[in-house]
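Novice: Model the following, please.
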Amino acid sequence: MHEKVEPVSPHDEIAAFLGRFPPFADLAAADLAAVAEAVRVERYDEGADVLVEDAAPATYFYVIRSGSMELVHEEEVIDVLEPGESFGHPSLLTGLAPAFTVRAHEDSTCFLIPHDQALQVLGRPAGAGFVAATLRERLTRTGHAVHALPSLSTIRVDELIAREPVYCDPNTTISKAAEVMTARGESAALVREGERLYILTDAQLRATVLAGHVSPENPVSRALEPAVEVDPGRLAVDAVVDMLDADVDHLVVVDARRNVLGLLSASDLLGLESRSPFAVRRAVLQARDHEELLQAATRLRSLFLALLDAGLSGVDIGRVLSLQIDTFTSRLIDFAIRDHGPAPVSWAWLDLGSAARREFTLGSDQDNALAYADPDNGATVDTYFERMAKDVNDGLEQCGFLADNNDVLAAYRLWRMPASEWLGVFEDCFHSPDRSHLIRATVAFDFRQVSGSLGVVPPLVAIMRRAKDHPDFLGRLARTATDFRPPLGFRGSIVVERDGEDTGKLDIKRGGILPVVNLARFHALANGITISSTLDRLVAAEETGGLEPDTAAALREAFVIFMRVRLHHHAVQLEAGSKPDNLIDPTELPPLARSELREAFRAIAHAQKRLNVYVRPGL
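Specialist: Sure, this is the predicted structure:
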């Protein structure tokens, strides 16, 4: 005899789904059922606008059931919202126009909650907290996205020159000139007659020789046109206009002394946009599968070199690359949810380490963690998130973001756990500050939520803010901030120890970047500061009186120097076809760079010495 199973109504399914996510998770069953009864279900095709920035106010509170939605500000994607996340509430509550366009990132389904029911949910204390938290988060993400997507419009044409132009004698035959151009892989060749420059292009060859108007055995002078010249200081965006006005597809870069510096084609100039942070990020967000995502990843090298050539600081480049890995992560999460179905409870994907501090480089490893709402069935829920995390970690590695050597990855249970366990881990760092907890603190206390709706950040931040009340923890943390001693000799020279197979190269990350990061983290926690960026921590510690202005300024300058040296080293390796590492040979640096490094290491040594006041004997 079979037990009769009552069918689950659509309203029950809606209530069960909503109840897994904020701000509905704390609602009583009867209240949740009333909301579910009022829900309207809508489906949106990929690319459809649900709300439009500065247009009609929202009339519903939207919850994503399946698919994903983009938050777009001034046509730039600020965030991608996953199933369980919500939108439309700021506009619904205020009656004002939406601050973002919300667009279907893929075919999606949403639950639409009418005004009256939405007010009942959002008017409660938990709902008010949800509104405040999401508003702050989205404003913050907007600011970070804007600052991490710099324009390349300031690039000059001389920065785009990559090779010497091909020259021909006026009497060279057209066929020979074409042969030379082909051998060099060039689309044009120059001919100089006195002070005048002429050009032969592929387009001219097609229009004259292939059309039968001129024999290929004629001298090249029969197919030439006057070259259009441009000053090396001309902005690339303006040079594009010059090219269009002259109706040509090549420009010759000539300086004031009539020296030819190089030749630029239309693809050199118009391809500039493809190397912009905007273009790479759009390619990632629009990738339909792993293959297209891997193809987008191949553009990171060109993006990095373009940013460096454009004169961006190392700190700014770190912000750009951090936003890029965030975007890759979000897209891989999309793929994981598509493959495994919606998450069983709300969750938060956390960046750790350099990505969390927005100091990521192409020589950085991926460090990440995952928190999820405390479940009723822990094993089943964790199995889902283990699959999600493994997909994302493996996908990032395939895209070139290497896995952390110490397995600080969300795929591992040590870095993937319910929210209550994460709170316990943070508390234990203070109450049992042994070596393992100190290591955990130096990694986990640099965190930033990348995706997901779980509100785990505020309680974690609240715990971190109490670090200043635990002198034993601070004393031990101060000791760890002096673990990496700067490589300075007796007279202040840079000394690289050689033992075994050591090549005598300096690890700029271990010897320079990390000591400043550790010092900044200590002074931040010691003064109740919970931001993650190294430079921001140093500024805040100075402003709160926890760090002397001279020391703070010296450490900030040291960090900028280390980042610059590190990124230029990466550029040299990338251009040589090698993978970026952090091993610098100080003897190969210019004298000024070596001098700056010495001063930067002295700043670290001075700051580390002053930490002795925090370290109690025996620690």
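
Novice: Flag the shaky bits of this structure, pLDDT-wise.
Specialist: 1-9, 146-154, 210-212, 270-275, 490-493, 497-504, 615-619 (pLDDT under 70).

Novice: What residue spans form the domains of the chain?
Specialist: The chain breaks down into these domains under automatic domain parsing: 10-147, 157-270, 273-428+439-444, 474-614.

Novice: from these, which stretch is densest packed?
Specialist: Among the domains of the chain, domain 273-428+439-444 has the highest mean neighbour count (mean count of other Cβ atoms under 10 Å), at a mean of 20. Every C-beta, even on glycine, is put in place using the N, C-alpha and C of the backbone.

Novice: returning to that earlier point: closest to P458 out of the domains of the chain?
Specialist: domain 10-147 (6.8 Å; Cβ to Cβ).

Novice: Next, E42: secondary structure please.
Specialist: Using DSSP: H, G, I helix; E, B strand; the rest coil, the secondary structure recorded for E42 is strand.

Novice: Ok, which of the domains of the chain comes nearest G455?
Specialist: Nearest to G455 among those is domain 10-147; the distance by Cβ to Cβ comes to 5.8 Å.

Novice: can you pull out the strands in the stretch 351-500 of the chain?
Specialist: For the stretch 351-500 of the chain, applying DSSP state E, counting those that start in this stretch gives strands covering 368-372, 416-418, 447-451.

Novice: just to revisit the earlier point, distance to I463 for the domains of the chain - can I get that in TSV?
Specialist: Formatted as TSV, these follow (distance: least, Cβ to Cβ, whole Å):
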stretch	distance to I463
domain 10-147	17
domain 157-270	47
domain 273-428+439-444	4
domain 474-614	10
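
Novice: T442 is in contact with N518, correct?
Specialist: Yes - with contacts counted by Cβ atoms under 8 Å, N518 reaches T442, the gap being 6.8 Å.

Novice: Give me the common contacts of those two.
Specialist: Common neighbours of N518 and T442, counting by Cβ atoms under 8 Å, 6 or more residues apart in numbering, are T480.

Novice: How far does stretch 38-57 stretch from one end to the other?
Specialist: Taking Cα to Cα, to the nearest Å, stretch 38-57 runs 20 Å from one end to the other.

Novice: Return the distance of that stretch from the chain's centre.
Specialist: Taking Cα atoms, centre = their mean, to the nearest Å, the mean C-alpha location of stretch 38-57 is offset from the chain mean by 28 Å.

Novice: before we move on, back to that, of all the domains of the chain, which lies closest to P459?
Specialist: Closest of the domains of the chain to P459 is domain 273-428+439-444, at 5.9 Å (criterion: Cβ to Cβ).

Novice: in the sheet, who's paired with the closest residue to I333 other than its chain neighbours?
Specialist: Of all residues not flanking I333 in the chain, S451 sits nearest, at 5.5 Å (Cβ to Cβ, 6 or more residues apart in numbering). Assessed by DSSP bridges, S451 has beta-bridge partners W349.

Novice: So which residues of the stretch 151-300 of the chain form helices?
Specialist: Applying DSSP state H, counting those that start in this stretch to the stretch 151-300 of the chain gives helices spanning 174-184, 202-208, 236-246, 266-270, 277-285, 290-297, 300-309.

Novice: for the first one, packing partners?
Specialist: This points to helix 174-184. For helix 174-184, the packing partners by 3 or more Cβ pairs under 8 Å, 6 or more residues apart in numbering; DSSP states H and E come out as strand 188-193, strand 196-201, helix 202-208.

Novice: show me what contacts the nearest residue to S364 once chain neighbours are set aside?
Specialist: Spatial nearest neighbour of S364, chain neighbours left out: S354 (4.8 Å); criterion: Cβ to Cβ, 6+ apart. If you count contacts by Cβ under 8 Å, 6+ apart, S354 has them with G318, S322, F360, T361, S364, D367.

Novice: The third one contacts I317, doesn't it?
Specialist: No - in terms of Cβ under 8 Å, F360 does not count as a neighbour of I317; the distance is 9.1 Å.

Novice: circling back: for V457, find the nearest of the domains of the chain.
Specialist: domain 273-428+439-444 (7.3 Å).

Novice: That closest one: how far from the chain's middle?
Specialist: Domain 273-428+439-444 has its C-alpha centroid displaced from the chain centroid by 9 Å (Cα atoms, centre = their mean).

Novice: So the closest residue to Q286 other than its chain neighbours versus T329, what's the distance?
Specialist: Nearest residue to Q286, sequence neighbours excluded (Cβ to Cβ, 6+ apart): E292, at 7.8 Å. Distance, E292 to T329, by Cβ to Cβ, to the nearest Å: 16 Å.

Novice: what's the answer for T142, then?
Specialist: Counting by Cβ to Cβ, the gap from T142 to T329 is 18 Å.

Novice: before we move on, what about K579?
Specialist: Distance, K579 to T329, using Cβ to Cβ: 21 Å.

Novice: repeat for P114
Specialist: Distance, P114 to T329, by Cβ to Cβ: 34 Å.

Novice: mind checking the SS state of F130?
Specialist: Going by three-state DSSP: F130 is helix.

Novice: gap between it and R136?
Specialist: The gap separating F130 from R136 is 11 Å, by Cβ to Cβ.

Novice: all helices for the stretch 1-150 of the chain, in order.
Specialist: Taking DSSP H, counting those that start in this stretch as the test, the helices found in the stretch 1-150 of the chain are 10-18, 29-38, 89-94, 115-122, 125-147.
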